[in-house]
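>>> Only the shape, not the letters, is given here:
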């Protein structure tokens, strides 16, 4: 008995709809880059600008990569932004009371892990929905940050120079023509996070099981996967990611403000959603998340260079997210718009042979 | 419209998914007052054909005529407007609503003053609708959640007769394996309803794997294989073996689907599983044994605790009391993870919701519970270990797939079930728990699964299987435990047992 | 061919659009606080002045996100605008200031605070503004009474106001500071102050137990006014003062409510001043003064009735 059916039957024809559904977001990203390149030929497609973008997106990247792990299991973590702020304040307070860089960083990461553990316990053990649980801890973390700091920013001489210089530092890679090729420390940190998350999700048992939990939680349980433990772990990772991001933000700005990380949460979730459109089964995947982060970063960077009103920037970012998800769900039979689009892209008789 | 006129014609229906041709130039005639059987192995194109009729999928090509006039079914709501009604395996019943409200689910509720629900009229018309089908035992005020699978199906059928203007034109009722989850009593009630529908001039399209049902209710039968219509018979002109041959494309021993080839082996010796006074929320004091190499069956009515006994054994439901011994060793409190690790395996009843990761690869589905063994340093995935093993197991269970990276969602029910078997046998388990191992599986795959189960037992594994198909239990098992009131109430040797005897024991008739 | 055509059209539509020639000097105005009324007035007036001078103005607001403002400053620095005007605490955006400095772009503070990397900063004198309203309260109360303060520590210019008012009250022996409240920003400072004031009123129910409300800016003063009026305690003679003279504050003062006085920062004047300084700098003039102060005036009902 043969395991595989004949291959001839299964050869798929190229279809534009299928192509757009699968790679629409990537095509969109390339179009956006081309657009800015054409509009700002002097400045956009330059090494310094891309170094800029990479540094600007590094913090969001770390949060979004860690968030990808939580979203793989079908949950999400709304508390990451507040956690990033809190960790900045915790590290800043450590500096104020004479702590070293090592102790501030350690304490910050510890706070992130404990906060993530709290989220995990609430969701996986107590059984509260991730939305409610992390909305609650978001408020708790924000309140803690404001309480510890008294609502004021922490900045100035108490922050060790080696801490604040890290966020602005770069590693020189050499010269290309007239420009120095440098890699910001923050970019390197984000890249390391990316690689770690990629390995965990794609090459380890834990990653495979996380996807299984997200795919079918009951089947995962019946199939011998320790669901509670893994969901707990995913929230701890997310909390750690938020803590690293909070330290990065603190280091980059040399200022810890009790609400300075709040913008990260929605953007991170948006980036993961954009990335999900690049997966055949609409699963979160970290390479997709990277593309999502880059789309958000390039849009902000390019639109600023084009002197587009910042409110218009927000509108266009939202529109692009909706458009990407719409394109990727073209196969859904129920949507009238989807059907209309498919009819629009259906092969004309002359094309099909 | 009177009975016995041509109601609906389907011609040249074709549909491909990503280049795979699921339906090729299919034709179908439905006649008022007739039940028309549609049979074929899983993957033969039955589901595709139904989806085209319902407008859930867009055909590549299709001509449809209703009462001689061309109609377009490609819009999802067109079929409903034209009088098509679909009864799926998974019923869309709103469990929190009452039976009466569920009956009105596609219609506006009768109202007072335009906005208050007229509960009295609602109740009266619900009773009328149910009585049209001869159903008198369902109280319209019951919560739908409390309905048995059979009653839920009757409610779904009755909802077709609730419309404001009681339809003059007969309906076309499409039923997809309606008896899969029904017990014998419920099934015979359903058949009575089908007869009444025919008497009202309805045309029925009836999809099933159970050929004996066709000879009971159908007047005509269409056979699909590999997306093509192979033949269309008047039911009086054909017989079971001819239909099986046409479905599978191969000659099959006349009684193969009933497991006649799988006669019991000599009685084995060692006790593999010993269960003492097991109690959970749904199991009340179960004590029994299964020997090495033995196939033990669990028979019983719906609600007698058959699946729940497997849940208890596999650590899915927590134990309140009792002991489980495997090969003489008392087991610690179990979780599914520990059960797999101890050499137990489990094929759940609901393969889609409890067993499979539909969006994931074939090989990953097979390997999922065994990742620790297939990894390096218990951490990293090693596909070069998992893939050859998956391929070997796929061949062992006679899986038919395009590649190991194919998504399980795209496979037929029989092949999906075989994946669960491949998963179960990967680690060469000592004890295999099977819950309805052949539900919704086509004849060919059923045959393969029977052979596999027998083979596993011959190789020394112990098997405990739940099945609602009594003939299957009798043919396959060495011994049958009859479940009543949450525990195995008696044991019967399978040899010489008849279905009616077994059914009597399930009901505990004296 | 049809789908190719559609793709082409999509591409054209997306790349057509804004492509402006850049001859005139471009000035970027950057703030995370554009939703604040004072910032709005400054930005509008700056745009008007800039238009008169023939400049292109690019207004960038990051909706209270400081990190994003730094990123946008880096973008603008690469874009090589001719000058940047900021309305934010410069110590919080130092990487952005460095990026501008590296690109050789002059940065001007508009009511932001002094910083070595700024060419100069144009602002009101926060100390004198707070002194104006605090002494107004002291005078009205005949130097005796219970005062509620609304303050905001995180933003230095506003923090200064609180510090000076506190000093004046504490220097008046018979004036007692009942509470110094930082209003919640969750639903805007007006709502936050209103909620806080309601609580204070409940805690001090007797008439005369609260003599005055001093607010570091107008929004909390307005919130306190609403709370007092809704509690039916408008006739107790509680004196409310704010700072900034927003339109709402002027209305409240004009109708003779408990809100008696505010200080009008000359936002328009500041914007005009910074525009003139930018012009001078671009023209090659040296600017050595760290802060340029633009005078602010107390506003009472008498000033508004005329």
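Alright, I've got the coordinates. As the structure is a computational prediction, the values presented were derived from the model and not from experiment. Numbering: from 1, shown residues only, chains lettered A, B, ... in the order given.

>>> most centrally placed residue in the chain?
Assuming you mean chain A. Compute the mean C-alpha point of chain A, and by CA atoms, centre = their mean the closest residue is residue A:64, 2.0 Å away.

>>> I was thinking of chain C, sorry if that wasn't clear
Geometric middle of chain C (CA atoms, centre = their mean) lands on residue C:38, at 4.6 Å.

>>> give the contact list for whichever residue of the stretch 201-350 of chain B sits closest to chain C.
Nearest residue of the stretch 201-350 of chain B to chain C, counting by CB to the nearest CB: residue B:227, 28.1 Å away. Using the backbone N, CA and C atoms, a C-beta is placed for each residue, glycine as well. Shown in contact with residue B:227 (CB atoms under 8 Å, 6 or more residues apart in numbering or on different chains): B:21, B:22, B:23, B:24, B:26, B:44, B:45, B:48.

>>> if we go to 10 Å?
Applying CB atoms under 10 Å, 6 or more residues apart in numbering or on different chains to residue B:227 gives the contacts A:9, B:14-16, B:20-26, B:40, B:43-45, B:48-49.

>>> from those, which are also near chain C?
Taking CB under 10 Å from any CB of the partner chain as the test, chain C is in contact with none of the contacts of residue B:227.

>>> which of those residues count as buried?
The neighbour-count test (16 or more other CB atoms under 10 Å in any protein chain shown) marks B:14-16, B:20-24, B:26, B:40, B:43-45, B:48-49 as buried among those.

>>> Need the max-distance pair from those residues.
Greatest spacing in these, by CB to CB: B:16 and B:40 (17.5 Å).

>>> how much space between the closest residue to chain B within the stretch 101-250 of chain C and residue C:61?
Per CB to the nearest CB, residue C:187 is where the stretch 101-250 of chain C lies closest to chain B, at 35.5 Å. With distances taken as CB to CB, to the nearest Å, residue C:187 is found 20 Å from residue C:61.

>>> Would you mind telling me which of those two has the busier surroundings?
residue C:61 (23 against 11; other CB atoms under 10 Å in any protein chain shown).

>>> wait, what's in contact with the residue lying closest to the more buried one once chain neighbours are set aside?
Take residue C:61 and drop its neighbours on the chain: the residue closest to it by CB to CB, 6 or more residues apart in numbering or on different chains is residue C:34, 3.6 Å away. Contacts of residue C:34 were listed using CB under 10 Å, 6+ apart, and they are A:310, A:311, C:40, C:42, C:43, C:59, C:60, C:61, C:62, C:63, C:64, C:87.

>>> Show me those residues that map onto helices.
Per DSSP state H, helices hold the following members of these: A:310, A:311, C:40, C:42, C:43.

>>> do you know how far the closest residue to chain C within chain B is from residue B:338?
Relative to chain C, the nearest point of chain B is residue B:58 (17.6 Å; CB to the nearest CB). Residue B:58 sits 48 Å away from residue B:338, taking CB to CB as the criterion.

>>> show me what contacts residue C:78?
Counted by CB under 10 Å, 6+ apart, residue C:78 has contacts A:40, A:42-44, A:46, A:48-49, A:51-52, A:301, A:304-305, C:99, C:103, C:105.

>>> for the stretch 251-400 of chain B, what spans make up the strands?
B:271-279, B:284-291, B:295-300, B:321-326, B:329-330, B:344-347, B:375-376, B:380-381 (DSSP state E, counting those that start in this stretch).

>>> Turn those strands into TSV, including distance to residue A:114.
Formatted as TSV, the strands of the stretch 251-400 of chain B follow (distance: least, CB to CB, whole Å):
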stretch	distance to residue A:114
strand B:271-279	40
strand B:284-291	44
strand B:295-300	48
strand B:321-326	38
strand B:329-330	39
strand B:344-347	37
strand B:375-376	30
strand B:380-381	29
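
>>> Would you format those as a markdown table with mean neighbour count and mean pLDDT included?
Putting these into a markdown table (neighbours: other CB atoms under 10 Å in any protein chain shown; pLDDT from 0 to 100) gives the following:
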| stretch | mean neighbour count | mean pLDDT |
| --- | --- | --- |
| strand B:271-279 | 18 | 94 |
| strand B:284-291 | 17 | 94 |
| strand B:295-300 | 26 | 93 |
| strand B:321-326 | 16 | 93 |
| strand B:329-330 | 10 | 92 |
| strand B:344-347 | 27 | 96 |
| strand B:375-376 | 16 | 88 |
| strand B:380-381 | 16 | 90 |
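
>>> I'd like these laid out as CSV, including distance to chain C.
Below are the strands of the stretch 251-400 of chain B laid out as CSV (distance: least, CB to the nearest CB, whole Å):
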stretch, distance to chain C
strand B:271-279, 53
strand B:284-291, 55
strand B:295-300, 57
strand B:321-326, 53
strand B:329-330, 59
strand B:344-347, 46
strand B:375-376, 40
strand B:380-381, 37
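
>>> so which of those strands gets nearest residue A:97?
Of the strands of the stretch 251-400 of chain B, nearest to residue A:97 by CB to CB is strand B:380-381, at 42.7 Å.

>>> What are the contacting residues of that closest one?
For strand B:380-381, using CB under 10 Å, 6+ apart, the contacting residues are A:199, A:202-208, B:364, B:367, B:371, B:374-375.

>>> Between which two of these is the distance greatest?
A:199 and B:367 (18.9 Å).

>>> So between these two, which is more surrounded?
Neighbour comparison, residue A:199 and residue B:367: the larger count goes to residue B:367, with 27 against 14 (by other CB under 10 Å).

>>> tell me the contacts of that one?
Contacts of residue B:367 by CB under 10 Å, 6+ apart are A:205, A:208, A:223, B:361, B:373-375, B:381, B:383, B:385-387, B:389-390, B:393, B:422-423, B:426.

>>> what do you get for residue C:300?
With CB under 10 Å, 6+ apart, residue C:300 has these contacts: C:136, C:241, C:253, C:254, C:260, C:261, C:262.

>>> any idea how far it is from chain A?
31 Å (CB to the nearest CB, to the nearest Å).

>>> which stretches of chain A form helices?
Going by DSSP H, chain A shows helices at A:16-39, A:47-72, A:80-96, A:101-120, A:130-149, A:161-168, A:185-203, A:205-215, A:217-222, A:227-253, A:263-276, A:286-305, A:310-328, A:336-345.

>>> Is it possible to get TSV of those helices that adds distance to residue B:312 and mean pLDDT?
What follows is these, written out as TSV (distance: least, CB to CB, whole Å; pLDDT from 0 to 100):
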stretch	distance to residue B:312	mean pLDDT
helix A:16-39	45	86
helix A:47-72	31	94
helix A:80-96	41	96
helix A:101-120	29	97
helix A:130-149	30	95
helix A:161-168	57	90
helix A:185-203	35	96
helix A:205-215	24	94
helix A:217-222	14	94
helix A:227-253	19	96
helix A:263-276	38	93
helix A:286-305	40	92
helix A:310-328	43	83
helix A:336-345	46	54
